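> Structure here, sequence nowhere to be found:
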């Protein structure tokens, strides 16, 4: 282990250790892309990367919220069911003739309020985030089924135009409006994390809650804020998913919390909190998306290989993090 | 009286009693246990029978949580064990041969223990956070189970295998007997021998227990292997009950139910102490809740809502911070306590 550290230090370029996990993820993404380009015809195009964005815009938004929570050392298991609840509420209200933007506003509000409630319970009653958000997961999923057990199609004009619009870029490349929204969310979140007090407080709380409290930082507000942000992002992810699927269904986004957590971990964020970057999360989502693309290009590989690959990747990245943190001590 | 109310298991017991009382009013003959063809029948027996896999998984989970860890992979292990056993049995020339079924069961359980040892190795050997270490197997294990069954639902037609999850023995459902044996063994090993003490000391402070001569790594490895073994047996029960293995859906979310059962039973997620009786109680509450929802005619869609409600209530009632704020507001003003996760409170 010392030889690795020594090698890095004696290298000409000083590479701050804190960037290594993000860089490794970026390297992995590039390597996968190149390998795919060599192996499959028509793979190495810009559109493939953009398609990953188009197909995973909702996951990206959800993972951004999850990053906030994990940076404070918490975890939010409710995201997948809040996404499903959002699609369900949106679809059922649209069916009753509500205006599209009113529905979107209401859905975002509900998501944020759910997050706020969970955050408040976690902080004020000192119950583990794992359990509280687990109850939140049951609650949101249960509310979905209470609204309806069947899939509700969305035929609203605004939603369908969001689903079908293509924004043309240079060449033959295009993206969907959802990607623009997701990118805006990422930029806003990056700004909040790195240039505002809230962002500093998030890192400080994750580093050591007790020290943050003793420093006089508003730990209560920060912890409640991150769960609110996560709830809001899940609801927004739900809106994007309803653009993508054009339906509301209680079984949408089952297990998405795992994908979001995996993306955050692959992106190099420590689950103990206090260390990690939003860019890593973006790369994590891209890597997960690219795995699926490669498996669909391969054709003969069955879908369950996705899970096995994601498991292996998780293992590799956690091992890497472990090595890095062990060296730091 | 206050000592009684302060007891860890007081609130869970109240909830269970409340649920059962609810059934008394809404369901006819809820408490009647009948004897038919030499088998015991009745709603109470059914709660035990359908709750058996959950109780088993929760037992293993209790010991893992007592060491301060958590095992998210049990649901996947349930699927893998069921898938492997069904695959082995479906390859037998005579599916009803007891030897062949025993062999298949043995192989499935050995694989479960290996998967558990892998978790233990990641946690104890490499030092990865338990929630992450087991997340790996949770994700990859589902894929593995589907790989074993080739994405299909493997069905078997084997009466010895059917016995494990759906059969009767000595008038009782066989599943209940398995649970009783595992529970008795676990209770004996942890409460009559020093093992429980070692587990609790590792959960209290792994480094301190290592320095005082306890093989913390060994204890952790063993606990994760045991948890996976329990999950494996539960997996056999679940797949045997329906005579098929579904890599995708078998044991889905059972890890969450099991963790809930453990928490409801008063075992702290911070580790350092555990209560087997509490866990069984917790698992029974969850199963009774499900049964109650069906029997009083609440639409099954709202099962999850009720679950969320009960979980929230139980957890709030058990949270010292909540009790402080709700019941003794006048005496002490609300003050944020900096030491939220301190182990001191656990052993107090």
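All right, it came through fine. The model shown is predicted, which means the values in this text are computed figures rather than measured ones.

> Output the below-cut-off pLDDT ranges for chain B.
Residues of chain B meeting the criterion pLDDT under 70: B:1-6, B:328-348.

> what's the longest helix in it?
Scanning chain B for the helix with the most residues, using DSSP state H, yields helix B:216-242.

> Counting neighbours, which bits of that one end up buried?
For helix B:216-242, a neighbour-count test (16 or more other CB atoms under 10 Å in any protein chain shown) marks B:216-217, B:219-241 as buried. In this view, the C-beta of every residue, glycine as well, is placed from N, C-alpha and C.

> how many other residues sit next to residue B:114?
Using other CB atoms under 10 Å in any protein chain shown, the number of residues around residue B:114 comes to 12.

> ok, now residue A:215?
With other CB under 10 Å as criterion, residue A:215 counts 11.

> ok, the closest residue to it other than its chain neighbours to residue B:123 distance?
Leaving aside its chain neighbours, residue A:215 sits nearest to residue A:204 (7.1 Å; criterion: CB to CB, 6 or more residues apart in numbering or on different chains). For residue A:204, the distance to residue B:123 equals 28 Å [CB to CB, to the nearest Å].

> who has more neighbours, those two?
The neighbour comparison of residue A:204 against residue B:123 (other CB under 10 Å) goes to residue B:123, with 27 against 19.

> which residues touch the more buried one?
By CB atoms under 8 Å, 6 or more residues apart in numbering or on different chains, the contact set of residue B:123 is B:69, B:129, B:130, B:133, B:134, B:220, B:224.

> Then residue A:138?
Per CB under 8 Å, 6+ apart, neighbours of residue A:138: A:81, B:304, B:305, B:307, B:308, B:311.

> Secondary structure element for the first one, which one?
Translated: residue A:81. Element membership of residue A:81 [criterion: DSSP states H and E] is helix A:79-95.

> For that helix, list every residue counted as buried.
By neighbour count on 16+ other CB under 10 Å, the buried set for helix A:79-95 is A:79-94.

> Closest to residue B:117 out of the residues you listed?
Distance ranking of the buried residues of helix A:79-95 against residue B:117, using CB to CB, places residue A:80 first at 30.1 Å.

> which residue packs closest to that closest one, ignoring adjacent ones?
Leaving aside its sequence neighbours, residue A:80 sits nearest to residue A:256 (CB to CB, 6+ apart; 3.6 Å).

> who touches that neighbour in this structure?
A:59, A:62, A:79, A:80, A:83 are the contacts of residue A:256 under CB under 8 Å, 6+ apart.

> In the stretch 101-250 of chain B, which residue sits closest to chain A?
residue B:140 (2.4 Å; CB to the nearest CB).

> so what's residue B:255 up against?
With contact set as CB under 8 Å, 6+ apart, residue B:255 has these partners: B:57, B:61, B:71, B:72, B:73, B:74, B:75, B:138.

> let's go with 10 Å and repeat that
Going by CB atoms under 10 Å, 6 or more residues apart in numbering or on different chains, residue B:255 touches B:57, B:61, B:70-78, B:134, B:138, B:231.

> So which of those residues belong to helices?
Among the contacts of residue B:255, the residues falling in helices (DSSP H) are B:57, B:61, B:74, B:75, B:76, B:77, B:78, B:134, B:138, B:231.

> and the last one, what is it in contact with?
Put plainly, it is residue B:231. If you count contacts by CB under 10 Å, 6+ apart, residue B:231 has them with B:53, B:56-57, B:59-61, B:71, B:73-81, B:112, B:115-116, B:141, B:251, B:254-255, B:258.

> Now a PyMOL select for only the buried ones of these.
In PyMOL, a selection of the buried entries from the contacts of residue B:231 looks like this (16+ other CB under 10 Å):
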select buried, chain B and resi 53+56+57+59+60+61+71+73+74+75+76+77+78+79+80+81+112+115+116+141+251+254+255+258
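
> How about the residue of chain A found nearest chain B, nearest residue that isn't a chain neighbour?
In chain A, the residue that lies nearest chain B is residue A:311 (2.4 Å; CB to the nearest CB). Leaving aside its sequence neighbours, residue A:311 sits nearest to residue B:140 (CB to CB, 6+ apart; 2.4 Å).

> surely that neighbour meets residue A:316?
No - with contacts counted by CB atoms under 10 Å, residue B:140 stays clear of residue A:316, the gap being 11.9 Å.

> quick one: what helix or strand has residue 282 in it?
Going with chain A. Here residue A:282 is assigned to helix A:278-298, by DSSP H and E.

> Chain B was what I was after
helix B:276-295.

> in that helix, what's buried?
B:276, B:278-293, B:295.

> Next one: that helix, is it in contact with chain A?
No - with CB under 10 Å from any CB of the partner chain as the criterion, chain A is not reached by helix B:276-295; the gap is at least 10.8 Å.

> now the strands for chain B?
Taking DSSP state E as the criterion, chain B carries its strands at B:34-36, B:39-41, B:153-155, B:168-169, B:172-173, B:244-246.

> Which of those has the highest mean neighbour count?
strand B:244-246 (a mean of 24; mean count of other CB atoms under 10 Å in any protein chain shown).

> which other residues reach that one?
With CB under 10 Å, 6+ apart as the test, strand B:244-246 has contacts from B:79-87, B:89-90, B:108, B:145-146, B:148-149, B:152-157, B:235-236, B:238-239, B:250, B:252.

> mind listing which of these are in helices?
Short answer: these in helices (DSSP H) are B:79-87, B:89-90, B:108, B:145-146, B:148-149, B:235-236, B:238-239.

> give me phi/psi at residue A:175?
With angles defined as degrees, to the nearest 10, residue A:175 sits at phi -130, psi 170.

> lowest-pLDDT helix or strand in chain A?
helix A:2-10 (a mean of 44; mean pLDDT, DSSP states H and E).

> That one: what's the following helix or strand?
Sequence-wise, the next helix or strand downstream of helix A:2-10 (DSSP H and E) is helix A:20-39.

> If you count contacts, what does that following helix end up packed against?
If you count contacts as 3 or more CB pairs under 10 Å, 6 or more residues apart in numbering or on different chains; DSSP states H and E, helix A:20-39 packs onto helix A:46-71, helix A:256-266, helix A:278-298, helix A:304-328.
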